[in-house]
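A.B. asks: Got a sequence here, can you build the structure:
(chains A and B)
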Amino acid sequence: ILNVEQSPQSLHVQEGDSTNFTCSFPSSNFYALHWYRWETAKSPEALFVMTLNGDEKKKGRISATLNTKEGYSYLYIKGSQPEDSATYLCASPRSGGGADGLTFGKGTHLIIQP
Amino acid sequence: DAGITQSPRHKVTETGTPVTLRCHQTENHRYMYWYRQDPGHGLRLIHYSYGVKDTDKGEVSDGYSVSRSKTEDFLLTLESATSSQTSVYFCAISEVASYEQYFGPGTRLTVT
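C.D. replies: Purely as a prediction, here's the structure:
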(Lines give C-alpha, C1' and ligand atoms only; values in the text may rest on other atoms or scores of the structure.)
Protein backbone atom coordinates (compact mmCIF):
# COMPACT_ATOMS: atom_id res chain seq x y z
CA ILE A 1 0.00 0.00 0.00
CA LEU A 2 1.31 3.41 -0.98
CA ASN A 3 2.32 5.54 2.00
CA VAL A 4 1.16 9.15 1.86
CA GLU A 5 2.00 11.18 4.96
CA GLN A 6 0.86 14.65 5.95
CA SER A 7 2.16 16.97 8.62
CA PRO A 8 1.25 18.51 10.86
CA GLN A 9 -1.92 16.67 11.79
CA SER A 10 -3.52 19.92 12.95
CA LEU A 11 -2.62 23.56 12.88
CA HIS A 12 -3.99 26.68 14.53
CA VAL A 13 -3.22 29.92 12.70
CA GLN A 14 -4.17 33.51 13.44
CA GLU A 15 -6.30 35.26 10.85
CA GLY A 16 -4.07 37.16 8.45
CA ASP A 17 -1.03 34.96 8.97
CA SER A 18 0.38 32.78 6.23
CA THR A 19 0.94 29.09 6.72
CA ASN A 20 2.11 25.96 4.98
CA PHE A 21 2.01 22.22 5.46
CA THR A 22 3.56 19.15 3.94
CA CYS A 23 2.65 16.03 2.05
CA SER A 24 5.25 13.31 1.53
CA PHE A 25 4.88 10.42 -0.86
CA PRO A 26 7.05 7.71 -2.43
CA SER A 27 9.29 9.33 -5.04
CA SER A 28 9.68 6.15 -7.09
CA ASN A 29 7.22 5.60 -9.95
CA PHE A 30 5.67 9.02 -9.37
CA TYR A 31 2.67 9.87 -11.49
CA ALA A 32 0.67 12.64 -9.85
CA LEU A 33 -0.11 14.35 -6.58
CA HIS A 34 -3.58 15.61 -5.71
CA TRP A 35 -4.62 18.22 -3.14
CA TYR A 36 -8.18 18.44 -1.81
CA ARG A 37 -9.90 20.81 0.57
CA TRP A 38 -12.50 19.32 2.90
CA GLU A 39 -14.78 21.54 4.93
CA THR A 40 -16.70 20.13 7.86
CA ALA A 41 -20.05 18.57 6.88
CA LYS A 42 -19.19 18.84 3.19
CA SER A 43 -17.36 16.60 0.74
CA PRO A 44 -13.76 16.95 -0.46
CA GLU A 45 -13.16 19.41 -3.29
CA ALA A 46 -10.21 19.25 -5.64
CA LEU A 47 -7.65 22.04 -5.38
CA PHE A 48 -4.78 20.90 -7.58
CA VAL A 49 -3.46 17.95 -9.53
CA MET A 50 0.29 18.22 -9.94
CA THR A 51 2.40 16.08 -12.22
CA LEU A 52 5.70 17.81 -13.02
CA ASN A 53 8.72 18.15 -10.77
CA GLY A 54 9.10 21.78 -9.79
CA ASP A 55 5.49 22.49 -10.67
CA GLU A 56 3.78 25.30 -8.81
CA LYS A 57 0.03 25.84 -8.94
CA LYS A 58 -2.03 28.68 -7.54
CA LYS A 59 -5.69 29.31 -6.81
CA GLY A 60 -6.34 32.63 -5.15
CA ARG A 61 -4.40 32.72 -1.88
CA ILE A 62 -3.61 29.01 -2.00
CA SER A 63 -0.60 27.63 -3.83
CA ALA A 64 1.26 24.33 -3.97
CA THR A 65 4.71 23.18 -4.99
CA LEU A 66 5.95 19.75 -5.95
CA ASN A 67 9.29 17.99 -5.59
CA THR A 68 9.03 14.54 -7.14
CA LYS A 69 12.71 13.67 -6.68
CA GLU A 70 12.52 13.90 -2.90
CA GLY A 71 8.85 13.02 -2.64
CA TYR A 72 7.15 16.02 -1.06
CA SER A 73 4.67 18.75 -1.80
CA TYR A 74 3.93 21.93 0.14
CA LEU A 75 0.59 23.69 0.33
CA TYR A 76 0.76 27.39 1.18
CA ILE A 77 -2.03 29.68 2.29
CA LYS A 78 -1.29 33.39 2.23
CA GLY A 79 -3.12 35.75 4.57
CA SER A 80 -5.35 33.08 6.18
CA GLN A 81 -9.04 33.83 6.49
CA PRO A 82 -11.66 32.06 8.66
CA GLU A 83 -13.13 30.46 5.54
CA ASP A 84 -9.81 28.65 5.00
CA SER A 85 -10.58 26.50 8.03
CA ALA A 86 -10.82 22.97 6.68
CA THR A 87 -8.96 19.70 6.42
CA TYR A 88 -6.49 19.63 3.55
CA LEU A 89 -5.86 16.23 2.00
CA CYS A 90 -3.19 15.10 -0.37
CA ALA A 91 -3.42 11.90 -2.39
CA SER A 92 -1.42 9.87 -4.84
CA PRO A 93 -2.69 7.46 -7.50
CA ARG A 94 -2.48 3.84 -6.36
CA SER A 95 -0.76 3.04 -9.61
CA GLY A 96 0.25 4.95 -12.67
CA GLY A 97 -2.63 6.81 -14.22
CA GLY A 98 -4.94 6.68 -11.23
CA ALA A 99 -7.64 4.52 -12.79
CA ASP A 100 -7.58 2.32 -9.69
CA GLY A 101 -8.18 5.18 -7.29
CA LEU A 102 -6.20 7.33 -4.90
CA THR A 103 -4.36 6.72 -1.64
CA PHE A 104 -5.05 9.61 0.70
CA GLY A 105 -3.04 11.01 3.54
CA LYS A 106 -4.83 11.55 6.84
CA GLY A 107 -4.99 15.27 6.28
CA THR A 108 -3.93 18.49 7.96
CA HIS A 109 -6.76 20.04 9.98
CA LEU A 110 -6.39 23.81 9.73
CA ILE A 111 -8.17 26.14 12.14
CA ILE A 112 -8.02 29.88 11.53
CA GLN A 113 -8.51 31.89 14.69
CA PRO A 114 -10.02 35.38 14.35
CA ASP B 1 -20.77 21.30 -8.91
CA ALA B 2 -20.42 17.87 -10.48
CA GLY B 3 -23.74 16.05 -10.63
CA ILE B 4 -23.27 13.31 -8.07
CA THR B 5 -25.89 12.14 -5.64
CA GLN B 6 -25.79 9.44 -3.02
CA SER B 7 -28.69 7.65 -1.46
CA PRO B 8 -29.61 7.20 1.24
CA ARG B 9 -27.80 10.06 3.00
CA HIS B 10 -28.26 8.48 6.40
CA LYS B 11 -29.04 4.92 7.38
CA VAL B 12 -29.18 2.95 10.59
CA THR B 13 -29.27 -0.80 10.23
CA GLU B 14 -28.79 -3.87 12.35
CA THR B 15 -25.88 -6.26 12.31
CA GLY B 16 -26.36 -9.03 9.80
CA THR B 17 -28.72 -7.18 7.47
CA PRO B 18 -27.86 -6.45 3.83
CA VAL B 19 -27.44 -2.81 2.84
CA THR B 20 -27.07 -1.19 -0.58
CA LEU B 21 -25.79 2.32 -1.10
CA ARG B 22 -26.31 4.05 -4.42
CA CYS B 23 -24.14 6.56 -6.23
CA HIS B 24 -25.70 8.31 -9.21
CA GLN B 25 -23.89 10.68 -11.58
CA THR B 26 -25.13 12.85 -14.43
CA GLU B 27 -21.66 13.69 -15.78
CA ASN B 28 -21.17 10.56 -17.91
CA HIS B 29 -17.75 10.06 -16.30
CA ARG B 30 -16.10 6.72 -16.88
CA TYR B 31 -14.45 6.20 -13.49
CA MET B 32 -16.34 5.76 -10.23
CA TYR B 33 -15.03 5.03 -6.74
CA TRP B 34 -16.30 4.13 -3.29
CA TYR B 35 -14.32 5.36 -0.26
CA ARG B 36 -14.99 5.12 3.42
CA GLN B 37 -13.94 7.73 5.95
CA ASP B 38 -13.12 6.80 9.51
CA PRO B 39 -11.44 8.81 12.27
CA GLY B 40 -7.71 8.19 12.29
CA HIS B 41 -7.73 6.56 8.87
CA GLY B 42 -8.71 9.23 6.41
CA LEU B 43 -10.31 8.19 3.14
CA ARG B 44 -9.76 4.58 2.08
CA LEU B 45 -10.72 3.03 -1.23
CA ILE B 46 -13.23 0.18 -1.09
CA HIS B 47 -13.94 -0.60 -4.75
CA TYR B 48 -13.71 1.18 -8.06
CA SER B 49 -15.11 0.95 -11.56
CA TYR B 50 -13.47 1.80 -14.86
CA GLY B 51 -16.54 1.22 -17.00
CA VAL B 52 -19.89 -0.51 -17.17
CA LYS B 53 -19.54 -3.98 -15.64
CA ASP B 54 -15.82 -3.32 -15.02
CA THR B 55 -15.04 -3.20 -11.32
CA ASP B 56 -12.17 -4.10 -9.03
CA LYS B 57 -11.18 -4.18 -5.38
CA GLY B 58 -9.55 -1.40 -3.45
CA GLU B 59 -7.65 -1.39 -0.16
CA VAL B 60 -10.52 -2.35 2.17
CA SER B 61 -12.88 -4.45 0.05
CA ASP B 62 -13.60 -7.32 2.47
CA GLY B 63 -17.32 -7.51 3.25
CA TYR B 64 -18.30 -5.29 0.31
CA SER B 65 -19.40 -5.92 -3.26
CA VAL B 66 -20.21 -3.51 -6.07
CA SER B 67 -22.06 -3.43 -9.34
CA ARG B 68 -22.23 -1.05 -12.25
CA SER B 69 -24.82 -1.94 -14.85
CA LYS B 70 -25.14 1.60 -16.22
CA THR B 71 -22.63 4.41 -16.62
CA GLU B 72 -24.50 6.61 -14.19
CA ASP B 73 -24.99 4.20 -11.29
CA PHE B 74 -22.47 2.53 -8.98
CA LEU B 75 -23.91 0.42 -6.17
CA LEU B 76 -22.10 -0.62 -3.01
CA THR B 77 -23.53 -3.60 -1.13
CA LEU B 78 -22.75 -4.78 2.36
CA GLU B 79 -23.94 -8.38 2.20
CA SER B 80 -24.19 -8.76 5.98
CA ALA B 81 -23.48 -5.52 7.79
CA THR B 82 -21.14 -5.52 10.79
CA SER B 83 -20.45 -2.82 13.37
CA SER B 84 -16.98 -2.30 11.86
CA GLN B 85 -18.71 -1.04 8.73
CA THR B 86 -20.18 1.92 10.58
CA SER B 87 -18.66 4.77 8.62
CA VAL B 88 -19.24 7.62 6.23
CA TYR B 89 -19.19 6.43 2.64
CA PHE B 90 -18.20 8.71 -0.22
CA CYS B 91 -18.63 8.09 -3.89
CA ALA B 92 -16.31 9.86 -6.33
CA ILE B 93 -16.14 10.17 -10.10
CA SER B 94 -13.46 11.08 -12.56
CA GLU B 95 -13.67 11.82 -16.26
CA VAL B 96 -10.12 10.72 -16.94
CA ALA B 97 -8.15 8.48 -14.59
CA SER B 98 -5.43 11.07 -14.01
CA TYR B 99 -7.79 13.99 -13.42
CA GLU B 100 -9.21 15.24 -10.16
CA GLN B 101 -12.02 13.30 -8.53
CA TYR B 102 -15.39 14.81 -7.69
CA PHE B 103 -17.03 13.61 -4.53
CA GLY B 104 -20.64 13.01 -3.67
CA PRO B 105 -22.21 14.32 -0.45
CA GLY B 106 -21.59 11.11 1.50
CA THR B 107 -23.76 8.51 3.25
CA ARG B 108 -23.55 8.10 6.99
CA LEU B 109 -24.14 4.44 7.85
CA THR B 110 -24.57 3.19 11.39
CA VAL B 111 -24.65 -0.54 12.07
CA THR B 112 -26.05 -1.36 15.51
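
A.B. asks: how about the residues of chain B near chain A?
C.D. replies: Within chain B, the positions near chain A by CB under 8 Å from any CB of the partner chain are B:31, B:33, B:35, B:40-45, B:48, B:50, B:56, B:58-59, B:90, B:94, B:97-106. Any C-beta I mention is one placed from the backbone N, CA and C, and that applies to glycine too.

A.B. asks: List of residues touching the helix or strand A:Phe21 falls within?
C.D. replies: Assigned by DSSP states H and E, A:Phe21 falls within strand A:19-24. Residues from elsewhere that reach strand A:19-24 (CB atoms under 8 Å, 6 or more residues apart in numbering or on different chains): A:4-8, A:11, A:13, A:33, A:35, A:71-77, A:80, A:88, A:90, A:105, A:108, A:110.

A.B. asks: still on that earlier bit, emit the PyMOL select command for whichever of the residues of chain B next to chain A are buried.
C.D. replies: Of the residues of chain B next to chain A, the buried ones go into a single PyMOL selection, burial set by 16 or more other CB atoms under 10 Å in any protein chain shown:
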select buried, chain B and resi 31+33+35+42+43+44+45+48+50+58+90+94+97+98+100+101+102+103+104+106
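
A.B. asks: now, which of the residues of chain B next to chain A lie within strands?
C.D. replies: The members of the residues of chain B next to chain A that map onto strands under DSSP state E are B:31, B:33, B:35, B:42-45, B:48, B:50, B:56, B:90, B:94, B:102-103.

A.B. asks: Now do stretch A:70-81: distance from first to last residue.
C.D. replies: Counting by CA to CA, to the nearest Å, you get 31 Å between the two ends of stretch A:70-81.

A.B. asks: anything in it near chain B?
C.D. replies: No - using CB under 8 Å from any CB, we find that stretch A:70-81 stays clear of chain B, coming within 14.8 Å at best.

A.B. asks: buried set for that stretch?
C.D. replies: For stretch A:70-81, by 16+ other CB under 10 Å, it's A:Gly71, A:Tyr72, A:Ser73, A:Leu75, A:Ile77, A:Lys78, A:Ser80.

A.B. asks: So for that stretch, mean pLDDT?
C.D. replies: Here stretch A:70-81 scores 97 as its mean pLDDT.
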